[in-house]
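Chemist: sequence and predicted model, in that order:
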There are 2 protein chains.
Amino acid sequence: MEKLAGNLVVAQSGGPTAVINSSLVGVIQEAINHNEITGIYGALNGIEGILYENLIDLKKENPQTIEKIKRTPSAALGSCRHKLSSEEYEKIIDVFKANNIRYFFYIGGNDSMNTAHVVGKMTSEMGYDLIAMGIPKTIDNDLEYTDHCPGYGSVARWVATSVRDAGFDTEAIGVVDRVKVVEIMGRNAGWITAASALGKEKDTDPPHLIYLPERPISIDILLADVEEWYKRLGYVVIAVCEGVKGEDGNLLSASASSIDTDSFGHVQMGGAADFICKLIKDKLKIKARFDKPGTIQRMSMALVSEVDLNEAYMAGQDAVKYAMEGIKGKMVSLVREDNEDEYICKTGLVELDKVADAEKNIPDNYINETGNGVTEEFYKYAKPLIGGPLLEYARFEKYLLSKKL
Amino acid sequence: MEKLAGNLVVAQSGGPTAVINSSLVGVIQEAINHNEITGIYGALNGIEGILYENLIDLKKENPQTIEKIKRTPSAALGSCRHKLSSEEYEKIIDVFKANNIRYFFYIGGNDSMNTAHVVGKMTSEMGYDLIAMGIPKTIDNDLEYTDHCPGYGSVARWVATSVRDAGFDTEAIGVVDRVKVVEIMGRNAGWITAASALGKEKDTDPPHLIYLPERPISIDILLADVEEWYKRLGYVVIAVCEGVKGEDGNLLSASASSIDTDSFGHVQMGGAADFICKLIKDKLKIKARFDKPGTIQRMSMALVSEVDLNEAYMAGQDAVKYAMEGIKGKMVSLVREDNEDEYICKTGLVELDKVADAEKNIPDNYINETGNGVTEEFYKYAKPLIGGPLLEYARFEKYLLSKKL
């Protein structure tokens, strides 16, 4: 089979991550090996860069810069959240034709997979030869048909580390700040919040309570949970997903004004932790404070998961390899080998349209019965993704002296 | 001179830090070398551990655990914020007598220095031989008579790194989330917030605006600042201290209910970033979101400043060395050598009562004229404290292709 010759364009979309640039560099460094790929272009700000023809020549970049970009968080090409209209789809294809673009790689979440799918389908119907491929990226880990998503392992490592840190803080100063609530990112899926458990060594280690959007929160049960742990330890650490909902199905948000929507109709969240703190202060008369690390959690190269960084690269690299075999209209997936002794992950392929509209929540067997923590099955799933153990911390044995007075 | 023989007690107080345990281990590991010090005790939860005679025998701890505690964030002995009454001071001295405690090391901020001072003075007046020494600890860096405080370098490294990370995020997704506000800890002094500038390489790097409690904020000027940067770059990153005040002298807090006070009458802050976001959305109609990392920022061993960790240890170790020379009633200070070529820091001594009630704000020449950023002098002061350069990130040159359409 003769390989399709022409230019390649790669773009990044949606919320940035610590490793989305690693996928980008995987695409670039693999594409350089193939003579059929004449130009390697980057679209600035996702699909908007194609729409407005804001394309850069990545072959002109210093190879050392490209290597450094691999370990630079965020999206080096810029990102977007843009829902294309039918006119805009046509414009995109005009740009492809005008620039002889034959390979389109879109790194993003399920909205981006949908965009890649439609572009691929439209060009195919028009008889324009184009290979459109999707490369998964989302800290939310909510894409179906892939074991996990590049970006998740690193945010999980950050959250496990930082909630453990915040927990050590509250353990020491719990005589003053009795309850600490850490608000963690996540819309409908609690994968990131669940990762807060990965810093625990025993039941009494923080976080003591983990609230996920997969389970509606009963205010009464929450207050009883907090009171129970408070009586047991004298302090409580809670990890709560910003997307948690009450029993009425509404977001547990402190203020309606903090709720915005983006162009896909996704709600901009925040306020759950503030709400819970106020609730605890009002109803239990216990002092509570919250940490809301926000976008910082998804951007840390200092706490990157090396496993995640390498898999993100592999996803980008393999996307190009698959494309050079003539495969198109697929998203590269991550496939975990069924192996009890060792974690091994390779890439696979999944139809773009299948992945586009599906959302993967945490399965029931990863969440405990009371809906305020995770199970051993979750640990088994998530531990390998964060790339090795966290830093080793210690506690004193605390040999109490007998009182003299 | 004959050295005072008896037991030593060490305690930790106030908000925990990443390196307060390093000072503690400095005390323990130095004290072991001195035969006059018979027992090495730790008081649980600061001065309360002495008051209630909750003392632990640190000599019984595994030396490897002690070594690991050096690199464990938070206060391994537990902390407190307890203002002692006169009756309680007397009780403390009774506990000292009953346990033959002759050395008292208190690791904390200025409230703790005051406690150590009063304990030292009262025992001296009663003719009970006791050496009370203070070891500085505060992320706030607001103690006078010391070049800087152990704990500051590490929080400064965390903030410089994380605001840079959040800035890279907004740079990429600024087409959606146009303004990012990061709320940083600090009551009256903006030292930690100012450290957000340490991740900048050039003027246009985030954060573009830095608001400190040393300068009252004019809402109109703030909005003009934001608008100017927004027009220039299309996105804006702001670092704001939680303790910033408006022109009326009141905290710029979103909700009065978020303001609590502790037993020293210190206000529990938070809400400035939320307030600024709402303001920007209301008045400028620009989308804004905030990150409020809270206690996570002061607890990170992954982002510890090695300079800070070592100085914290040195402060603890030297406190014991000074005490063994018979020095008492002093706080160990950090003294920077007047050396243009190299950063060298040693310990010095300062009267406890002098440091107790003084608070060191950022000097005028460290803050820019417009009050929304820092000067070169601040960089010179703070850069050596964060322990080496941050991770190297890169940006593409972005060689634009000519448009075909």
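Modeler: Good, I have the coordinates.

Chemist: pull up the residues of the stretch 151-300 of chain A that are close to chain B.
Modeler: Neighbours of chain B within the stretch 151-300 of chain A, by C-beta under 8 Å from any C-beta of the partner chain: A:161-162, A:165-166, A:168-173, A:175-177, A:180, A:182, A:257-258, A:260, A:262, A:268, A:270, A:274, A:278, A:287, A:289-296, A:298-300. To be clear about C-beta, it is placed using only N, CA and C from the backbone, and glycine gets the same treatment.

Chemist: just those: which are in helices?
Modeler: Using DSSP state H, A:161-162, A:165-166, A:168-173, A:274, A:278 are the members of those that sit in helices.

Chemist: please pick the buried ones from those.
Modeler: Neighbour-count burial (16 or more other C-beta atoms under 10 Å in any protein chain shown) is assigned, among these, to A:161-162, A:165-166, A:168-173, A:274, A:278.

Chemist: is the residue positioned nearest the centre of chain A in a helix, a strand, or coil?
Modeler: Nearest to the mean C-alpha position of chain A, counting by C-alpha atoms, centre = their mean, stands residue A:139 at 0.3 Å. With DSSP: H, G, I helix; E, B strand; the rest coil as the basis, residue A:139 sits in coil.

Chemist: average pLDDT across stretch A:174-181?
Modeler: For stretch A:174-181, mean pLDDT rounds to 88.

Chemist: so what touches it?
Modeler: The contact list for stretch A:174-181, computed with C-beta atoms under 8 Å, 6 or more residues apart in numbering or on different chains, reads A:166-167, A:169-170, A:206, A:226, A:230, A:233-240, A:273, A:276-277, A:280, A:286-291, B:45, B:48, B:78-81, B:262, B:295.

Chemist: hmm, back to that, was I right about the residue nearest to the centre of chain A contacting residue A:16?
Modeler: No - contact criterion C-beta atoms under 8 Å: residue A:139 and residue A:16 do not qualify, at 9.0 Å.

Chemist: ok so, going back, what's the ChimeraX line that selects buried ones from the contacts of stretch A:174-181?
Modeler: Command for ChimeraX that selects the buried part of those, burial taken from 16+ other C-beta under 10 Å:
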select /A:166,167,169,170,206,226,230,233,235,236,237,238,239,240,273,276,277,280,286,287,288,289,290,291 /B:45,48,78,79,80,81,262,295
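
Chemist: what about stretch A:152-172, distance to the chain center?
Modeler: Once both centres are worked out by C-alpha atoms, centre = their mean, to the nearest Å, stretch A:152-172 turns out to sit 16 Å from its chain's centre.

Chemist: do stretch A:319-337 as well
Modeler: Worked out by C-alpha atoms, centre = their mean, stretch A:319-337 lies 20 Å from the chain centre.

Chemist: what comes up buried for that stretch?
Modeler: So stretch A:319-337, judged by 16+ other C-beta under 10 Å, has buried residues A:319-324, A:328-335.

Chemist: SS state for residue A:243?
Modeler: Strictly by three-state DSSP, residue A:243 counts as coil.

Chemist: who's in contact with the nearest residue to it once chain neighbours are set aside?
Modeler: Spatial nearest neighbour of residue A:243, excluding adjacent residues (C-beta to C-beta, 6 or more residues apart in numbering or on different chains): residue A:213 at 4.1 Å. Applying C-beta under 8 Å, 6+ apart, we find residue A:213 in contact with A:186-190, A:241, A:243-245, A:361.

Chemist: in these, which has the lowest confidence score?
Modeler: residue A:187 (88).

Chemist: spatially, what comes nearest to that residue if we skip its sequence neighbours?
Modeler: Going by C-beta to C-beta, 6+ apart, residue A:187 has residue A:243 as its nearest residue, at 4.8 Å.

Chemist: and the ones in helices among the residues of the stretch 151-300 of chain A next to chain B as TSV, adding distance to residue B:90?
Modeler: TSV is the format used below for these (distance: C-beta to C-beta, whole Å):
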residue	distance to residue B:90
A:161	44
A:162	42
A:165	38
A:166	37
A:168	34
A:169	32
A:170	32
A:171	30
A:172	27
A:173	26
A:274	42
A:278	40
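
Chemist: who are the contact partners of the nearest residue to residue A:179 once chain neighbours are set aside?
Modeler: Leaving aside its sequence neighbours, residue A:179 sits nearest to residue A:288 (C-beta to C-beta, 6+ apart; 3.7 Å). Residue A:288 makes contact with A:177-181, A:276-277, A:280-281, according to C-beta under 8 Å, 6+ apart.

Chemist: near chain B, which residues of the stretch 301-405 of chain A?
Modeler: Proximity of the stretch 301-405 of chain A to chain B, by C-beta under 8 Å from any C-beta, involves residues A:301-303, A:391-401, A:403-405.

Chemist: sort out which of the residues you listed are buried, if you could.
Modeler: A:301-303, A:391, A:393-394, A:396, A:398, A:401.

Chemist: redo the residues you listed as TSV? Include pLDDT and secondary structure.
Modeler: Shown next, in TSV, are those (pLDDT from 0 to 100; DSSP: H, G, I helix; E, B strand; the rest coil):
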residue	pLDDT	secondary structure
A:301	98	coil
A:302	97	coil
A:303	98	coil
A:391	97	coil
A:393	97	coil
A:394	97	coil
A:396	98	coil
A:398	98	coil
A:401	97	coil
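
Chemist: secondary structure class for residue A:377?
Modeler: Using three-state DSSP, the three-state assignment for residue A:377 comes out as helix.

Chemist: shouldn't it be in contact with residue A:362?
Modeler: No - with contact defined as C-beta under 8 Å, residue A:377 does not reach residue A:362; the gap is 10.2 Å.
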